[in-house]
Structures are given as C-alpha cells and as structure tokens.
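*Asks:* Pasting the sequence and the predicted coordinates here, then a few questions.
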Amino acid sequence: MTSSTTFKPGVKDVASFLSEYSVMLFGSGATCIRMEKNMHRIARSQGMEAEFSILPRHIHLTVGDGSDTVTSVVAIRDMPISFAKIALLSKLSWQMADCRYDFRQAVKVLAKIGSTPGTPPWRLLLLVSLANASFCRLFGGDAMAMAVVFVATFAGFLVKQVLTDRHVDFRLTAVACSFISAVIASSDALFSLGATPEIAVGTSVLYLVPGIPFINSFCDMIDRHYLCSFGRMMNAVVISCCLSLGLCAGMLLMNLGMF
C-alpha cells in the first residue's frame, strides 16, 4: 500500500472525513468509547487531534493540528444496526494508523463501506422470524406457539420493513407492528391451538425490543458520555412504550385478559 506521507490532508479534509465516519459508525450501533478510540486513532495518523460530543440530533466535531482548528456539526442519520460495518470501520482506523492507506485511499474505502449493501430484506425477514420463534421456545412455548410466533413475527416485521422504506415515523411503526403481531399471536388462545398461548402472545413482539440502544446507553453512561447515554435511553424507552401500546391494543381487540 502507498504510505500515508504521499498525500498530506488539511484540517478541513480530516474534519470532513471524520464527520462522515462518525455518523456512519454511530448509526451502525457503535458505543461512544469505540467512536472515541477510532476517531482519535485516525486523527493522530494524520498528525492531528480530534474531539467530539454527541447531541440528541447532531455530532459536534473539532479537529486541530496545533496551528489550525476546524469545527464541524453533522446531522445524525437513521441507519440499520450493522456489526459488519462497525468491524469494517474499526479496521479502517487501524489500517490508517498502520500507514497501510493514505488519506485518499481511506476516503475511497469509507465510501465503499457506506455503499455496502446490508442483509437482503427477505433473508432478514426469515432470520428474525426464526429467531423470535426460538425465543418463544426458550420461554417455554410449545411447537404450536412457536409456529404462531413465527407467523406473527413474519407479518409484523414485513410491515416494519415496508413502513421503514416509506420513512414512516418509527414510533408509529412500532405501534403498528406490535399491534399486528399481537393480533395474530392471539389466535393461539382464541382457537385453542396449543397449551402455551400466553407465551405466544408475550413473545410475539420481542423482535421490536430495542436491546442494542439499551445496552449502548449503559455502556455510554459507564464511559461518562452522559448526554448520548440519556438520548439513547430515551429512544429505547419510547420504542418500548410504543410496542407495549400496540401489544395492549391488540390484546384488547381480541378480548384477551392482560392480568
């Protein structure tokens, strides 16, 4: 690979690169400590220092080389969680630190990572449905409950994909998907299909639980990124409330007792 001394970027170039890098890393589900380490590593590979703070809707980034300083504010974008992209972005930071890429090559690699397609929707739909049916089994559901949960998850997640593609508000999406899944899962109780209908209904909406935001919020709190931790926690709480609302509405519609 070409040495990193081939092209010496300016402070503005590095700030622009790190702005896009930080948005991509944050949107993919990285914790603040990972972002901090990766961005410092990249900035130091170019002979600079970088500091950032994550606001509820923006990332505030400052890059300097001792003689010049550039501050950039970039909007946070909604992106699907992708551990594969987090791994690729982390690998890029090490490759820049080890001088395996010069700055221009790194820009091309970053653009390539950003355009990398995710898991095909049909495959994701099938895997999520199977995973939620497995959760049903872990909680003690019988074979019929698992089958009902699979169908309920398949329908709900399909609606989630459609609404997300149409940029419907994520709160309305959570309510609609949990309502649909709960209504379908209620068939296990209404038609006496199996011996564990309550488990089928209870696990039918688990695919909507924002586990990663909850975990990341606690990690950010431990690392003293309190503002980002609070923002992630509030988003996770709102989604949890929305899915609970949809679940209760579905159970009420199907005349199932909640207590």
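*Replies:* Right, received. Where do you want to start?
*Asks:* Report the next helix or strand after the helix or strand where residue 136 lies in sequence order.
*Replies:* Using DSSP states H and E, residue 136 falls within helix 121-138. Following helix 121-138 in sequence order, the next helix or strand is helix 143-165 (DSSP H and E).
*Asks:* and the gap between the residue nearest to residue 71 when sequence neighbours are not counted and residue 127?
*Replies:* Distances taken as Cβ to Cβ, 6 or more residues apart in numbering place residue 62 nearest to residue 71, at 4.8 Å, with adjacent residues excluded. C-beta coordinates here come from the backbone N, C-alpha and C atoms, glycine included. Plainly put, residue 62 is 41 Å away from residue 127 if you go by Cβ to Cβ, to the nearest Å.
*Asks:* Who has more neighbours out of these two?
*Replies:* residue 62 (17 against 12; other Cβ atoms under 10 Å).
*Asks:* tell me the secondary structure for the more buried one?
*Replies:* Look at residue 62: counting by DSSP: H, G, I helix; E, B strand; the rest coil, its state is strand.
*Asks:* Contact partners for it?
*Replies:* When contacts are counted by Cβ atoms under 8 Å, 6 or more residues apart in numbering, residue 62 touches 15, 50-52, 69-72.
*Asks:* so how far is stretch 57-64 off the chain centroid?
*Replies:* For stretch 57-64, the gap between its own C-alpha mean and the chain's C-alpha mean amounts to 21 Å (Cα atoms, centre = their mean, to the nearest Å).
*Asks:* Also stretch 28-43?
*Replies:* Put simply, stretch 28-43 sits 16 Å off its chain's centre (Cα atoms, centre = their mean).
*Asks:* in it, what counts as buried?
*Replies:* The neighbour-count criterion (16 or more other Cβ atoms under 10 Å) identifies 28-32, 34-36, 38-43 as the buried residues of stretch 28-43.
*Asks:* Equivalent analysis for stretch 158-171, please.
*Replies:* Across stretch 158-171, burial judged by 16+ other Cβ under 10 Å covers 158-161, 163, 170.
*Asks:* contact partners of it?
*Replies:* 78, 121, 124-125, 172-173, 176-177, 180, 208, 238-239, 242.
*Asks:* try stretch 177-190
*Replies:* The contact list for stretch 177-190 (Cβ under 8 Å, 6+ apart) reads 144-145, 148-149, 151-153, 155-157, 159-160, 163, 193-194, 196-198, 200-201, 203-205, 207-208, 242-247, 249-251, 253-254, 256.
*Asks:* If we use 6 Å, what do you get?
*Replies:* By Cβ atoms under 6 Å, 6 or more residues apart in numbering, the list of residues contacting stretch 177-190 from outside reads 145, 148, 151-152, 155-156, 159-160, 194, 197, 200-201, 204-205, 208, 243, 246-247, 249-251, 254, 256.
*Asks:* Same question for stretch 116-128.
*Replies:* 80, 157, 161, 207.
*Asks:* Quick one: neighbours of the nearest residue to residue 156 once chain neighbours are set aside, just the number.
*Replies:* Leaving out its chain neighbours, the residue that sits closest to residue 156 by Cβ to Cβ, 6+ apart is residue 181, at 3.6 Å. Neighbour count for residue 181, taken as other Cβ under 10 Å: 32.
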